[in-house]
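> one predicted model, sequence on top.
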Amino acid sequence: MISIDLSGRTALITGGTRGIGLAIATSLVRAGAAVAIAGRDADRAAQAAATIGGGAHGFAADLGQPGDAQRLVDRAEHALGSLDILVNNAGLTRDNVLVRLKDEDWDAVIDTNLRGAFAATRAAARGMMKRRWGRIINITSVVGITGNKGQANYAASKAGLIGLTKSVAKELASRNVLANAIAPGFIDTDMTKALTPDAREQLSAQIPLGRLGTPADIAGLVAFLASEHASYITGHVFVVDGGMVM
Ligand code: NAP
């Protein structure tokens, strides 16, 4: 059995107030890391940090707003001393069929999911490069690989994250800063709660493992990628979807 030891490491997880981000933060704390999480609302972020435990910090930041990602990384570095691991997890959907997709819904999704991740990565990269150690883990989606009806904005943002991951991996490898992406399939969180029981059943029938994933299914892989066990892995996209997209 391999054990994941992140003691002495520091991590920032964007969008750690619930769902996948909350599970990631919890698993990194259990592995010994000191963490900070962020969401749009200060009280929600503080509450989530208390739930995570281990002295986790909770910050308010709207990744869709220019400047917030840089400020968030600055605050996390100040609170944690430095930043070893950045998990770009914050994400939102504004679904609509192409012909009805409004400019503001395109912008909100691209700004948060893609530009926010870029800005946080740029801000965190400096310290990581200087210390010759860093892990950037981007939470993309299977729809960034396959596309999806009614999600042109979301799929484009998630495909963009894959390009960002690979470019950052190539650019920062010489400084021992590794960048990888995880592409979840359907995971049981607030993001998928709108599915009716019927839709859920139909969906599960198309998944070889016969169920939606849990946030813990993603969190375990993040902890592994952040650990020394993954020190020779960079520039890859790991699909975690119960076998849905092969
Ligand atoms: P969720 O339950 O809706 O949680 C989204 C998280 O992102 C929350 O912590 C939210 O924080 C934060 N967030 C949203 N917009 C933000 C903004 N503008 N600035 C800062 N934080 C923001 O979603 P989830 O299912 O856990 O998804 C987490 C990530 O996994 C997302 O990137 C999503 O695209 C990806 N993903 C999810 C699935 C799935 O099936 N669930 C599948 C593939 C990929 P506040 O609301 O507190 O601000």
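Okay, I see it.
> make it CA atoms for all contacts and neighbour counts henceforth
OK.
> ok now stretch 2-19, how far from the chain's centre?
Relative to the mean C-alpha coordinate of its chain, stretch 2-19 is positioned 11 Å out (Cα atoms, centre = their mean, to the nearest Å).
> list of residues touching the helix or strand bottoming out on mean pLDDT in the chain?
The helix or strand of the chain with the poorest confidence is helix 197-205; it has a mean of 92 (mean pLDDT, DSSP states H and E). Contact partners of helix 197-205, identified using Cα atoms under 8 Å, 6 or more residues apart in numbering, comprise 210, 211, 212.
> buried set for that helix?
Under the neighbour-count criterion of 16 or more other Cα atoms under 10 Å, helix 197-205 has 200, 203, 204 buried.
> the longest strand along the chain pairs with which strands?
Residue-count comparison of every strand in the chain, with assignments taken from DSSP state E, identifies strand 177-184 as the longest. Using DSSP bridges, strand 177-184 pairs in its sheet with strand 134-139 (parallel), strand 237-240 (parallel).
> hey, C-alpha coordinates of the shortest one in CSV?
These are the backbone C-alpha positions of strand 237-240, laid out as CSV (Å, rounded to 0.1, in the frame of the first residue of the first chain):
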residue,chain,number,x,y,z
VAL,A,237,-5.0,14.6,-18.4
PHE,A,238,-6.4,12.0,-16.1
VAL,A,239,-10.0,11.0,-16.9
VAL,A,240,-12.0,9.9,-13.8
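> list the contacts of it.
Identification of contacts with strand 237-240 by Cα under 8 Å, 6+ apart yields 142, 162, 180, 181, 182, 183, 184, 185, 217, 218.
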